[in-house]
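Q: Quick one: sequence plus predicted model below, questions after.
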Amino acid sequence: MKTILEVLNGGTAYLEARGIEGARHSMQSLLVHVLGCNKTWLYLHFEDPLSEEKLAPLRELLRKRGQGVPLQHLLGSTEFFRREFRTDARALIPRPETEELVELALARAERRKGMRVLDMGCGSGVIGVTLALELAAFAPEVVLADVSEAALSLALENATSLGARVKTYRSDLFAAWEDTENSVQPPRGFDLALANLPYVPEGEELATEVRHDPATALYGGPDGLDIVRRFVSGALPYMAPRGLMMLEVGHDQGEAVCDAMRAVGYTEVQLLRDMSGKARFPIGYAPPAEETEGEAAEEADAAEAP
């Protein structure tokens, strides 16, 4: 009977031979999952024998991991902003850069009671659910929207399990807002809008693991920015004055998105970098509220008064 350490080493070698990145981390995670323990317990029990009862399910998981099935799909969850979110083939696996986007949003957003937040193309809901929980003291109205019914079901599962109050809408970008026959109109006047939309150019070669994500969550036209451009231009009517827009895009797409934002009227447009120095977070503000003619006339009269 093999010990836990022997199984760990053997499984790591198996994954390395198949070109799996982070092979030892994957094998540790699979062992923790099958044994129902944590990594500390695992290290303290390296010399314990591993029964066939435990080895059988481990072999099947190891085989799938060797084929490139994402670790998050095999475990059924991933950590995001210190919380466990369910993950499966219904939506994109959350990336570390998306966690950085949420941190930047929390640092820049103007917080007020009843603030409205939009997570467009929400996928598993990690952005919107995290913001709903982190901003809970302000009782925000958080809207999660996605074109995929399957992704929305996963997002709602995550919101429910974590105790986040959100609203979900199935929508191709702002189609639900424009559907006048819909008796339940989504909120508008968003103070904060975030989006991690599909931005992979068509035909671009993807890593084996990424190919397990839904294609609708990945590809965004010839240069990858078709959906992003539609969102940027379509969002303005639904933003509050000075509402903050923040996006995640590819490492070489930020300047093009910033240009698109400026072209339709966003102000103070900037391109922020992630922790590895890649410029992938375009941000900008909706224009301030326009003065009415009456207000402008009153201000002019006041200026001329002695």
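A: Here it is on my side, so go on. Numbers count the residues shown, from 1 in each chain.

Q: in what helix or strand does residue 256 lie?
A: Assigned by DSSP states H and E, residue 256 falls within helix 254-264.

Q: so what's residue 100 up against?
A: Residues counted as contacts of residue 100 (CB atoms under 8 Å, 6 or more residues apart in numbering) are 274, 275, 281. C-beta coordinates here come from the backbone N, C-alpha and C atoms, glycine included.

Q: Same question for residue 131.
A: 102, 105, 106, 117, 119, 140, 142, 192, 194 are the contacts of residue 131 under CB under 8 Å, 6+ apart.

Q: Repeat the analysis, applying 7 Å as the threshold.
A: By CB atoms under 7 Å, 6 or more residues apart in numbering, residue 131 lies in contact with 102, 105, 117, 142.

Q: Helix, strand or coil: sort out the third one for me.
A: Remark: residue 117 carries the secondary structure label strand [criterion: DSSP: H, G, I helix; E, B strand; the rest coil].

Q: Tell me how far it lies from residue 183.
A: 23 Å (CB to CB, to the nearest Å).

Q: Of the two, give the one with the bigger neighbour count.
A: residue 117 (26 against 5; other CB atoms under 10 Å).

Q: so the more buried one touches residue 145, yeah?
A: No. Here residue 117 does not reach residue 145: they are 11.5 Å apart, not a contact under CB atoms under 7 Å.

Q: Let me see the ranges of the strands in the stretch 51-200 of the chain.
A: Assigned by DSSP state E, counting those that start in this stretch, the strands in the stretch 51-200 of the chain fall at 77-80, 83-86, 116-120, 141-146, 167-170, 190-195.

Q: so how far is the fifth one off the chain centroid?
A: By that I understand strand 167-170. Relative to the centre of its chain, strand 167-170 is centred 16 Å away, using CA atoms, centre = their mean, to the nearest Å.

Q: can you check the fourth one too?
A: Relative to its parent chain, strand 141-146 has a centroid offset of 12 Å by CA atoms, centre = their mean.

Q: CA atoms of that strand as CSV?
A: Backbone C-alpha positions of strand 141-146 (Å, rounded to 0.1, in the frame of the first residue of the first chain) are rendered in CSV as follows:
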residue,chain,number,x,y,z
GLU,A,141,-28.5,47.6,-5.6
VAL,A,142,-26.3,45.1,-7.6
VAL,A,143,-27.3,43.8,-11.0
LEU,A,144,-25.8,40.8,-12.6
ALA,A,145,-26.5,40.4,-16.4
ASP,A,146,-25.4,37.7,-18.9
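
Q: Report the strands that pair with it, each with its relative direction.
A: According to DSSP bridges, strand 141-146 forms sheet pairs with strand 116-120 (parallel), strand 167-170 (parallel).

Q: Indicate which one of the ones you listed is closest to residue 285.
A: strand 116-120 (14.5 Å; CB to CB).

Q: can you list the residues that contact the closest one?
A: With contact meaning CB under 7 Å, 6+ apart, strand 116-120 is reached by 127-128, 131, 140-145, 173, 187, 189-195, 197, 231, 240.

Q: again with stretch 223-238
A: In contact with stretch 223-238 (CB under 7 Å, 6+ apart) are residues 120, 173-174, 177, 188, 190, 193, 195, 197-201, 220, 245, 247, 249-250, 253, 256-257, 260-261, 264-265, 286.

Q: buried subset of these?
A: 120, 173-174, 177, 190, 193, 195, 197-200, 220, 245, 247, 249-250, 253, 256-257, 260-261, 286 (16 or more other CB atoms under 10 Å).

Q: What's the separation between residue 8 and residue 15?
A: 11 Å.

Q: so what's in contact with those two at the same time?
A: Contact with both residue 8 and residue 15 is made by residues residue 27, according to CB under 7 Å, 6+ apart.

Q: Longest strand in this protein, by number of residues?
A: strand 239-247 (DSSP state E).

Q: So what are the sheet partners of that one and their directions?
A: strand 190-195 (parallel), strand 279-285 (antiparallel).

Q: related to what we said a few turns ago, can you add distance to residue 153 and give the strands paired with strand 141-146 back as TSV?
A: Shown next, in TSV, are the strands paired with strand 141-146 (distance: least, CB to CB, whole Å):
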stretch	distance to residue 153
strand 116-120	15
strand 167-170	9
